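Q: Just the structure for this:
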Amino acid sequence: MKYAIPTLSLLVFGLFSCSSSKEWYKGNLHTHSYWSDGDNYPEMIMDWYKTQGYDFAVLSDHNILQTGEKWKLLPKAPMHEIAFENYLEKYGKDWVESRTDSAGRIEVRLKTLEEYRPLFEEKGKFLIIRSEEVSARFEQKPLHMNVTNIQEYIEPATGNSVTEVLQKNLDLVKKQREDTGHPMFLHINHPNFVWAITPEDIMALTGERFFEVYNGHPEVHNYGDSLRPSMEALWDRVQVAYLQAGKPLLYGLAVDDAHNYHIFGEKQSNPGRGWVEVRAKSLSPEDLIESMETGDFYASTGVMLEELDFDGDRLSLSVKAEEGISYTIRFFGTKKSNPEAAGILLEEEAGTKASYALTADDLYVRAKVTSTKSKENPYRPGDMEEAWIQPVVKK
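A: The predicted structure follows:
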């Protein structure tokens, strides 16, 4: 789903500079398989993403890399039995390795990443990036963080607070990146899942650059409640604290967090709900990560952009419009003169194009596009397709 654009930019701490050799790449950075608590085979999942037009994807299973020998005991349920029949039919007996235990239950050897990767990867067309969901806990709070382009397994760290656990895992990723020389990054998963991670927990971190502003899992509280902030409100509150402390911008991802591939509906965690569109020099882990770390991407549940530019003073964008669909573009930010009012609406424009000129009083500005098109198989009934543009600061 890559496409060339005439004028491209590279974000540096929220600033673009002109380039002419980049393309957009669509990808999902949070997905599960039978290697942990997903309900399908890695090959079937990668086939889904590739045929749906994604350019890159990960399988970020909990506390495991897809290496070594692992057998999956299939639950005695029609869904899993049908999934096995479909898997066998698609890939054949020469590929599928299975056995039956003494109780008559089927076990299947799960293919490793290096085994199934050649079935799907095509240079410049589709890429699989190694990932792990480092899944730790503090007390009863699930503290999950995905490592994109991980090279070696990371054992989840422990600690005496939520922030300490998160920071230790961040430091482990930083060390592995330095030791191996491979670019990688860790992002915070679903802070509002079981209300585990507060804005204050993230504010205290050093080195965190990414979090999930949208997660497609139905048990994640993207919209907050009467007592706790939505993911967007959390984003703005943390952003203010980061910039006041001299830290880099925090960027927001949209992800599937898919676990369920057979039954689709509002109670299932299905693929296709959220993704990122990354503007990069090539479809490689190195170039994708470089672009993401400079903010040259946006998150989406369906809205696509035609143009996106920031010249250091003005943030401009236009939507790749669909016939019969209307769009509203909103610019949010925080004023230096009133940092307590985080994430206020600065400007709103109905239509497919809009821009906002940052003032000296703008601490940062981000944009959001909302359409009148209903999201297919939404996270929450009534959701419309949206896109989140990363925050920028005035040059």
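
Q: isn't H190 right up against H144?
A: Yes - using CB atoms under 8 Å, H190 makes contact with H144 at a distance of 6.9 Å. Where you see a C-beta, it was placed from the backbone N, CA and C, and this is true even at glycine.

Q: Tell me, how many residues neighbour F138?
A: A total of 19 residues lie near F138 under the criterion other CB atoms under 10 Å.

Q: What ranges does the stretch 151-300 of the chain have for its strands?
A: 185-188, 210-215, 251-255, 275-280, 297-300 (DSSP state E, counting those that start in this stretch).

Q: who wins for proximity to L317 among those?
A: Of all the strands of the stretch 151-300 of the chain, strand 297-300 sits nearest to L317, with 8.6 Å by CB to CB.

Q: Partner strands of the closest one and their direction?
A: strand 275-280 (antiparallel), strand 384-392 (antiparallel) (DSSP bridges).

Q: mind exporting that strand as CSV, just the C-alpha atoms?
A: This file holds the C-alpha atoms of strand 297-300, laid out as CSV (Å, rounded to 0.1, in the frame of the first residue of the first chain):
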residue,chain,number,x,y,z
PHE,A,297,4.1,9.1,10.5
TYR,A,298,0.5,9.3,11.5
ALA,A,299,-1.9,6.8,13.2
SER,A,300,-5.2,5.8,11.6
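
Q: got a list of contacts for it?
A: Strand 297-300 is contacted from outside by 213-214, 251-254, 274-279, 291, 305, 308, 385-390, using CB atoms under 8 Å, 6 or more residues apart in numbering.

Q: Strand partners (parallel or antiparallel) of the helix or strand following that strand?
A: Using DSSP states H and E, the helix or strand that directly follows strand 297-300 along the chain is strand 305-310. According to DSSP bridges, strand 305-310 forms sheet pairs with strand 314-319 (antiparallel).

Q: helices or strands next to the next helix or strand along the chain from the partner strand in the packing?
A: Sequence order places strand 327-335 as the next helix or strand after strand 314-319, per DSSP H and E. Other helices and strands packing on strand 327-335, by 3 or more CB pairs under 8 Å, 6 or more residues apart in numbering; DSSP states H and E, are helix 231-244, strand 314-319, strand 344-350, strand 353-357, strand 362-374.

Q: and the nearest residue to K353 once chain neighbours are set aside, how many neighbours does it have?
A: Nearest non-adjacent residue to K353, counting by CB to CB, 6 or more residues apart in numbering: S318, 4.3 Å away. Neighbourhood size, S318 [other CB under 10 Å]: 18.

Q: Spell out, range by range, the helices that occur in the chain.
A: Taking DSSP state H, the helices of the chain run over residues 42-51, 78-91, 113-120, 162-180, 199-203, 231-244, 285-293.

Q: Next up, the contacts around the closest residue to P42 other than its chain neighbours.
A: With CB to CB, 6+ apart as the criterion, P42 has its nearest non-adjacent residue at 4.8 Å, and that residue is S33. Going by CB under 8 Å, 6+ apart, S33 touches 40-42, 45, 59, 61, 66, 110.

Q: From G27, how far out is A57?
A: As judged by CB to CB, to the nearest Å, A57 and G27 stand 6 Å apart.

Q: These two: which is more packed in?
A: A57 (28 against 24).

Q: I'd say the more buried one and P42 touch.
A: No - if you go by CB under 8 Å, A57 and P42 don't touch, sitting 10.4 Å apart.

Q: Any idea how far apart the tips of stretch 308-322 sit?
A: With CA to CA, to the nearest Å as the measure, stretch 308-322 spans 17 Å from end to end.

Q: Rounded mean pLDDT for that stretch, please.
A: Stretch 308-322 shows a mean pLDDT of 98 in the predicted model.

Q: How about residues contacting that stretch?
A: 7, 9, 11, 14-16, 279, 298, 303-307, 327, 329, 331, 352-358, 365, 367, 369, 371, 373, 389, 392, 394-395.

Q: Pull out the buried residues from those.
A: By neighbour count, with 16 or more other CB atoms under 10 Å, the contacts of stretch 308-322 hold 9, 11, 14-16, 279, 298, 303-305, 327, 329, 331, 352, 354-356, 358, 365, 367, 369, 371, 373, 389, 392, 394 as buried.

Q: follow-up on the earlier one: any idea how far L308 is from the residue nearest to K353?
A: Distance of S318 to L308, given as CB to CB: 8 Å.

Q: what do you get for L166?
A: According to CB to CB, L166 stands 30 Å off from L308.

Q: tell me the domain ranges of this protein?
A: 8-70+113-311, 71-109 (automatic domain parsing).

Q: highest average neighbour count across those domains?
A: domain 8-70+113-311 (a mean of 19; mean count of other CB atoms under 10 Å).

Q: thought M384 was touching V369?
A: No - contact criterion CB under 8 Å: M384 and V369 do not qualify, at 10.2 Å.

Q: Show me where the stretch 1-150 of the chain dips below the pLDDT cut-off.
A: Low-confidence segments of the stretch 1-150 of the chain (pLDDT under 70): 1-20.

Q: ranges for the strands of it?
A: In the stretch 1-150 of the chain, the segments counted as strands under DSSP E, counting those that start in this stretch are 8-9, 18-19, 23-28, 56-59, 71-73, 98-100, 106-109, 127-138, 141-148.
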